Each structure stands twice: as C-alpha cells, then as structure tokens.
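> Return atomic coordinates for the entry below.
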Amino acid sequence: MKRFAFMLFLMVMVLGIAACDDLVFTTAITTTSTTNSTDSSNSDATTTTTTLETTTTSTESTTTDYRHLALQAEYESLRQVLPFALLSNIVLPNPTNEAIDVIYSVGEQILTDKTLYYQAMAYDQEIPLKIVLSYEEVILENIFVIIQVRNEALYHEAERNLVFETLYYNILEAFPTSIVSDFTIPEIDTNGALVSITIDEPYQIFQNRFLFTFPEQSEVVHFDIRIIYDSELRYYDIPVTMKAFDELPQIPEIYITTQNNAPITNNFEYVPGSITVKTYDQNLIATTVLANAQMEIRVRGNSTAFMPKLPYKIKFTTKTALLSDYAQKDWVLLANFTDQTLIRNYLAYNMARNIGMEYTPSAKFVDVYLNGSYQGNYMLTDQIEISPNRINIEEGSSALDTGYLVEFDRRLGESEWNRVGVEWFNLYGIYFGVKSLDANDPTYSINQLYYIEDYFNTLLLTLQAKQDYTHLIDEASFIDWFIVSEVFKNVDSGYSSVYYYKDAGEVLKMGPVWDFDLSTGNQGHLQWDQRIPEGWYTALEYKNIFFYYLMKYPVFTAHLKARWNEIYEEHILGLLDQIYPAVDSIAKSRHENFERWDIIGKNQEWYTAPEVYDLKTYEEQVWFLYHYLEVRIAWMNTNIQYL
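Here you go, the predicted model:
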C-alpha cells in the first residue's frame, strides 16, 4: 500500500509538471532493479527491467511518464493474483488495463495461450516466470518465481530409489574387487532396510565370512544382494574375482639343509647345516635375503619336542639377522602344532608389545622347508636370553646384584633329568630355573644362585605377610604380564615358561611373555571348568602363587583395574580386530600347512580339548578362538571392576 501511494504521488507530480507550457521531453531511461517482497502472499525475489523512451513536444501539457507508472501499478496488480505454488495447470491473468499488453514466458518458451502447465515431478522446482508488460513504447520486464510443488507419489518413489541406490553403492564400495583369502562380508548401515547377502553353491559363508576355496585358476564369484525397503524387494549382483592359488601372497620361506640330509631327532643334539631365506614382494618377486648361511639346528621344546610337527632352535656361528634389523646367534621356529589356528602365540606377543611390555619376542610367520620337504607354517621368533637386542640386563658379572633371568618351571620338579645342566632352586615345592647362570662360566658364583633364591623367598614371605612389596617388584610389569596371560587363559601361566628378570640395582620384573599355543580353550588336559572362558586362572593358589597373594592386596587390584581400563578399548577389545587380519595374511601358508598336517577335527590327543576336536574346519577353529576371546574379555571386564 505504501508503494502504491508513492506511485500515485509520483503520478500527480508528473502530471503537474506536464501542465507547464512549451516543455519538451526527450527521454531514454532503462532501469533494472531487484526487490525482495515481504508481502505475506509471496516471498519471491522480483527482477524488474523498465525501458522508457518518449519524445513529446507540447504546448498543451502532454507527457508519457504516466505509462511507466501504469506499468508498475499493473505489475503489482498481477503480482497479487499470481500463485506462489503451482499445484495444477493455471491460466495466467490478463492485465486489468486494456491498454497494456502482457507476454508470459518460461525460459525461451512463450506461453502463447497464457497457460502454465503443471508437470508432475519428484521434487519441488522453481519456475522463473518472465512477465513482459508493454504500454505503447514503454516495456516493463519482471521475473516472478513460482514453486512447482512435487508430486507425492513421484517423491516417495524417488526417495525409495535413493535408498536402494545408496545402499547398493555403499555395499559395492565395501566389497573388494578381488580376494586372496577368506574375507569378512562388510556390515553396512542399512538405513531401515533389510539387507541379505548370499552366495550360490559350491561357495560358502560362515559367521559372515566368505570361505576362500584356493582355486587353481582365478574365478569370478557372484554375491547376491537382496534389499527390502518400504515393502519392495530388489536384487543386485556384485562380482568378485577369487585369485588363483599361484597368485596368492607368499610369506617368507626358510630353506634348511642339514649336512648329508641328516634327520633332526632330539632337543639336545645339534645337527650342522645351512639356511637360505627368501622374501616376496606384492608381485611375488622373490628376493634371497640370506643364502646358504652356516648354522646348527636341533629340536626345541619339551612336550612339543615329541609331536609330529617339530619346533626347532637354530644356532649360527656368528650373529646373523634373520628377517630382523638386528643380529643374534640363536633363533626359534615355533611349530604351533597344538594350535589349529596357528595364531595364538602371534596374537599374544603382539598384544604384549602393543601395551608396552619390555623385551616381547618378535613374531613372523614363515614357511619352512627341511631338506627339500615342506614342513609347514612356523612362527620365527627370538630365543629368550640376555642380549642387548632381547633382554637387555647386565651379564658376565661376578657381583651378587647383577642381571638375572629366571623361569618359573614346574617341570624341573618332575624328574632329575630336567635339572641336568640347569641352575635351579626349589621354593616350597615351586621350581625356578636361573637361565642366566652357567656353572661353566668363569664369572659364576654359587652365591649368585643363593642371592636370587633368597630374593624370591623374601618376595614370597613378604606377600604372605601382606607387607609392602614395592621395593621388591616392578608392579606395572606384573600387572601387564597378568593381563595378557589371563586374557588368553594361558595354561603355562601357572606351570612353566613364566619368566622374570632383574637388572643390577633394580627390582624384579615379569616377562617376556612366552608359549601361548595351549590357551584360549584348546587345553585338552585341563578340566572343563578351567577351559571355559569364565573364571580366574593364573591367580589360583595351585597355579601362580605370587598372583594368588597379590590379588589379596587392595592396592594391587586397584592398580590392575586402572591399567585394564586404560588399555581396554584399544588393546584388549582391539585384540578381536586382529584375529581375521592375522589368519588372512597367512591364507596360502595355512592352507598348505593343513594339507601337510591333516589334523583339524582328526587329531585327538591329550592336549586336544573336546570342543576343539569337534571343529572340523579351519574357519570353525578361528571362530572358536574369536568367540572365546570375546566372552573371556567381557567376563574379565565385568569382574575386574568388582575387585
């Protein structure tokens, strides 16, 4: 209304001026303006272009300026009746002033019948309606924006299509184009839809893992994707190439040749020979990193030394790097025969390393060939010994307070033979071997054995009396060792391979971790209640006596809980995320290993748990380990909070 009143005022002024005699107007004016209307009936942006050309000579007061104002007024009149939203076909209005002509157009299309047609579309669309008003030679152009309202049926169809397409492309992106091992079917945010992924025979999916079949030639596997959304079912196909066996990644290979192809038969007699090591890049190009290096080799271990697949200890004449950035004389090849996943030791060592435990052994998978015969998948690791690259404590000193490496080993009490050549002491029925003492070493003193025996005895008496222990042990290392051992419910945590070390002038520490092949439910020689994932193990009185007493200290359990909570998310729960990548990294090797040693679901010995024997495939063995750790971690997380 204000604008209209203003235009009336201008018209009066113009007419007043036109009444003057002998005035001559020659005018060419082009005006373009953009105004944002705040009228409640329309909130569009309007663009106006006005062209006024007039030449008038009059002694009787003539003018054409009123046409410009008339056009403006006409546009305002049209604007009041034009719709903001287009819901159906509409006929556009004619000017109220018969002297004014109007042309409507959309883009380059002139609406000759002045009809704006509604087109059913899925989404709202802006229609820039061009309005050209002319009054004699005066032209006024405006753009009036009308919203064409979406068609609801088309809108819902478009939205449904968008959900299907988004889900499909998300699934497609999550799938690999080619596979070289089992792989986990990706989990997709379904956005309210039901998604199923299936595969035709002979292929299988087990526990959401596609089972690689190790084909001789590459094969294309088609995954059937079914998506149900808004009561509609759609099918999609995702092709994935399963690589041929000879194209699969190859882990390092170790070739051992003994002198005259002599057999390696026991754990006390070395056999001379040579060793060659090859590594492979992603293109399967081999590099010989060690060629015919002279060494000696023997069987290692205790119970494992009598199993079909033998573990070995390698001894070089000079320090040699073996798939490592440091050189040592002694190296170990673990067979993991009792572990039908092959990865329990690997997982435990990596967990210990990840939480910062000192001197954790290395863990590298290798394929081993002995005198030209494939022996299987092994884990190359360190010998537990004092060394700057391993357990870096003082050695070679005759002082009492020097470096000590001690093993809690109940086997030393089982026969006199076990103690031959070992410096040991018996602490109330618990045997400890002092690995760092050698009676043939000129720096050795029997008083050193007495010193470390007295140290352990003092520790035990201190714990039994519930006195302060902080001047005797490094509590943090005890806690970390306990967490790793308990997460895996390692059978040896209260039997053997339990290591302690003490440097000169320092307190006793625990570690390195060692020997987890019998853990996480596969310990067939234990009773059912000790195999299951629930329940404490290491701290039982008849297992590890030190932890039996430490767990009675509120300060120790408080620190244990704090440490657990500190590393829980990343390193404890994160352990589950390492299982499948570990087994996938050795796909070709583990397949060949169990071709060589056909034991899954068949080997029923003292160390084979019934639950493990019942599992007839490698994938079931891995799932058993995964589920065991999942339940074990959940149980420990709950019960640690209540200590």
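> Val277 looks like it's in a strand, true?
Yes - counting by DSSP: H, G, I helix; E, B strand; the rest coil, Val277 falls inside a strand.
> The stretch 401-550 of the chain: strands as residue ranges?
Under the criterion DSSP state E, counting those that start in this stretch, the stretch 401-550 of the chain contains strands at 404-408, 424-427, 430-434, 498-502, 508-510.
> now swap in the stretch 1-150 of the chain and tell me
Along the stretch 1-150 of the chain, the stretches classed as strands by DSSP E, counting those that start in this stretch are 23-36, 45-58, 85-86, 90-91, 101-106, 109-110, 115-116, 125-135, 138-148.
> Go through those and find the least confident stretch.
Confidence, taken as mean pLDDT, is least for strand 23-36 of these (a mean of 33).
> So Asn292 lies in a strand, does it not?
Yes - under three-state DSSP, Asn292 sits within a strand.
> number of nearby residues for it?
Look at Asn292: counted by other CB atoms under 10 Å, it has 11 neighbours. C-betas here are computed from N, CA, C, even on glycine.
> Repeat that for Val406.
Using other CB under 10 Å, Val406 is surrounded by 24 other residues.
> again, but for Asp409
Neighbour count for Asp409, taken as other CB under 10 Å: 24.
> ditto for Leu560
Residues within reach of Leu560, counting by other CB under 10 Å, total 23.
> before we move on, what about Leu310?
For Leu310, the number of neighbouring residues by other CB under 10 Å comes to 21.
> got it, and Glu620?
Counted with other CB under 10 Å, the burial measure for Glu620 works out to 17 neighbours.
> Leaving out the residues flanking it, which one is nearest to it?
What sits nearest to Glu620 in space, not counting adjacent residues and going by CB to CB, 6 or more residues apart in numbering, is Phe206, at 7.5 Å.
> what's near enough to touch that neighbour?
Applying CB atoms under 8 Å, 6 or more residues apart in numbering, we find Phe206 in contact with 617, 619-620, 623.
> So which residue is smack in the middle of this protein?
When the chain is reduced to its mean C-alpha position, the nearest residue by CA atoms, centre = their mean turns out to be Asp577, at 6.5 Å.
> distance of Pro554 from Asn457?
Counting by CB to CB, to the nearest Å, the gap between Pro554 and Asn457 amounts to 25 Å.
> quick one: which of the two has more around it?
Under the neighbour definition other CB under 10 Å, Pro554 and Asn457 were set side by side, and Asn457 has more, 13 against 8.
> I figured the more buried one hits Leu427, correct?
Yes - judged on CB atoms under 8 Å, Asn457 makes contact with Leu427 at a distance of 6.0 Å.
> coming back round to it: closest to Leu310 out of the strands of the stretch 401-550 of the chain?
Among those, the nearest to Leu310 by CB to CB is strand 404-408 (21.6 Å).
> Could you list the low-confidence segments of the stretch 51-200 of the chain?
Counting by pLDDT under 70, the ranges of the stretch 51-200 of the chain that qualify are 51-64.
> residue boundaries of the helices in it?
For the stretch 51-200 of the chain, helices defined by DSSP state H, counting those that start in this stretch occupy the ranges 65-81, 152-174.
> Out of those, which one sits most buried?
When neighbours are counted by mean count of other CB atoms under 10 Å, the highest per-stretch mean among those falls to helix 65-81, a mean of 18.
> Show me what that helix is packed up against.
Other helices and strands packing on helix 65-81, by 3 or more CB pairs under 8 Å, 6 or more residues apart in numbering; DSSP states H and E, are helix 2-18, strand 45-58, strand 125-135, strand 138-148.
> Provide a list of residues in contact with the nearest residue to Asn544 once chain neighbours are set aside.
In this structure, Asn544 finds its nearest non-sequential neighbour in Gly494, 4.5 Å apart by CB to CB, 6+ apart. For Gly494, the residues meeting the contact criterion (CB under 8 Å, 6+ apart) are 537-538, 540, 542-544.
> how does it look with 7 Å?
Contacts were defined as CB atoms under 7 Å, 6 or more residues apart in numbering; by that measure Gly494 touches 538, 540, 543-544.
> mind listing which of those residues are in helices?
Using DSSP state H to define helices, no part of those is located there.
> Out of these, the closest to Asn283 would be?
Taking the contacts of Gly494 together and measuring to Asn283 by CB to CB, the closest member is Thr538, at 45.9 Å.
> The closest one and Gln467: what is the separation?
Summarising the geometry, the distance separating Thr538 from Gln467, computed by CB to CB, is 22 Å.
> Also Thr115?
Thr115 is 100 Å from Gln467, by CB to CB.
> Over to Pro239?
Separation of Pro239 from Gln467 (CB to CB) stands at 69 Å.
> And for Leu427?
Applying CB to CB, the value for Leu427 to Gln467 is 17 Å.
> Same check on Lys489?
Taken as CB to CB, the span from Lys489 to Gln467 is 30 Å.
> neighbour count winner among those two?
The residue with the greater number of neighbours, taking Lys489 and Gln467 and applying other CB under 10 Å, is Lys489; the counts read 27 against 10.
> Number of residues surrounding Arg563?
18.
> now Asp230
12.
> before we move on, what about Thr520?
26.
> Check Val221 too.
18.
> Quick check: pLDDT value at it.
97.
> before we move on, what about Lys502?
With respect to pLDDT, Lys502 has a value of 98.
> What of Gly356?
The predicted structure scores Gly356 at 98 on the pLDDT scale.
> just Thr317 next, same as before
The per-residue pLDDT reported for Thr317 equals 94.
> Just the element for it, please.
Taking DSSP states H and E as the definition, Thr317 sits inside strand 312-321.
> And for that strand, what's in contact with it?
Contacting residues not belonging to strand 312-321 are listed as 264, 270, 275, 293-300, 327-333 [CB under 7 Å, 6+ apart].
> do the same with stretch 348-363
Outside stretch 348-363, the residues that touch it by CB under 7 Å, 6+ apart are 324, 345-346, 379, 381-382, 390-391, 480, 484, 488, 511-514, 516, 567, 571, 575, 578.
> The strand holding Thr317: which residues count as buried?
312-316, 320 (16 or more other CB atoms under 10 Å).
> gap between it and the chain center?
On the basis of CA atoms, centre = their mean, to the nearest Å, the separation between the geometric centre of strand 312-321 and that of its chain is 37 Å.
> got it, and stretch 193-212?
Here stretch 193-212 is found 21 Å from its chain centre; the criterion is CA atoms, centre = their mean.
> how long is that stretch end to end?
Chord length of stretch 193-212, first to last residue, is 28 Å (CA to CA, to the nearest Å).
> Mind listing what's buried along that stretch?
Across stretch 193-212, burial judged by 16+ other CB under 10 Å covers 193, 195, 197, 199, 203, 209-212.
> Let's see which of those residues end up in strands.
Among the buried residues of stretch 193-212, the members falling in strands (DSSP state E) are 195, 197, 199, 209-210.
> JSON lines please, covering the residues you listed and showing distance to Asn89.
Rendered in JSON lines, the data for those read as follows (distance: CB to CB, whole Å):
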{"residue": "Val195", "distance to Asn89": "42"}
{"residue": "Ile197", "distance to Asn89": "47"}
{"residue": "Ile199", "distance to Asn89": "52"}
{"residue": "Arg209", "distance to Asn89": "58"}
{"residue": "Phe210", "distance to Asn89": "56"}
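> domain ranges for the chain?
Annotated domains of the chain cover 2-150, 153-247, 253-640 [automatic domain parsing].
> which one of those domains is the most hemmed in?
Comparing these by mean neighbour count (mean count of other CB under 10 Å), domain 253-640 comes out on top with a mean of 18.
> Now do the same contact list for the nearest residue to Thr304 once chain neighbours are set aside.
Distance criterion CB to CB, 6+ apart; nearest residue to Thr304, sequence neighbours excluded, is Pro311 at 5.2 Å. Pro311 makes contact with 299-301, 304, 333-335 under the criterion CB under 7 Å, 6+ apart.
> give me that answer again for 6 Å
Remark: with contacts taken as CB atoms under 6 Å, 6 or more residues apart in numbering, Pro311 is in contact with 300-301, 304, 334-335.
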